[in-house]
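Peer 1: Generate a structure from the sequence data that follows.
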Amino acid sequence: MLAMKFGGTSVGGANRITEVVKIIQAEKERTPKIIVVVSAMSGVTSNLLAAASLAAQGKQAEYEKICQDLLR
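Peer 2: A predicted model of the protein is given here:
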């Protein structure tokens, strides 16, 4: 069994995600049992923390803007 973890800039955009998929597919041919862990894309964790902080402070408009930006 093999565990593979990808995160940050390695999943930072469509091209990078495509490369990660190729790496996983190539490894799957050699190792049939793989566990893949994918972290949030670059910047997402920081934005989630900022949104949570703003929500806790009651700053709804700022919180909602970050949430909308994350959904794009």
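Peer 1: Let me know the secondary structure of the residue positioned nearest the centre of the chain.
Peer 2: Nearest to the geometric centre of the chain sits Ala40, at 1.9 Å (Cα atoms, centre = their mean). Under DSSP: H, G, I helix; E, B strand; the rest coil, Ala40 falls in the strand class.
Peer 1: what sits against it?
Peer 2: 7, 48 (Cβ atoms under 8 Å, 6 or more residues apart in numbering). Every residue, glycine included, has its C-beta placed from N, CA and C.
Peer 1: Quick check on Pro32: phi, psi?
Peer 2: phi -70, psi -30 (degrees, to the nearest 10).
Peer 1: Need the pLDDT of it.
Peer 2: pLDDT, Pro32: 85.
Peer 1: Pull up the gap between the residue nearest to the centre of the chain and Gly7, please.
Peer 2: 7 Å (Cβ to Cβ, to the nearest Å).
Peer 1: quick one: the residue nearest to the centre of the chain and Val11, what's the gap?
Peer 2: 8 Å.
Peer 1: ok, which stretches of the chain are strands?
Peer 2: 2-8, 34-41 (DSSP state E).
Peer 1: any idea how this protein splits into domains?
Peer 2: Here the domain parsing of the chain from automatic domain parsing is 1-41, 43-72.
Peer 1: For the residue of the chain most remote from its centre, give me phi and psi.
Peer 2: The centre of the chain is farthest from one residue, Gly58, which by Cα atoms, centre = their mean lies 26.5 Å away. Backbone torsions of Gly58, given as degrees, to the nearest 10, read phi 80, psi 20.
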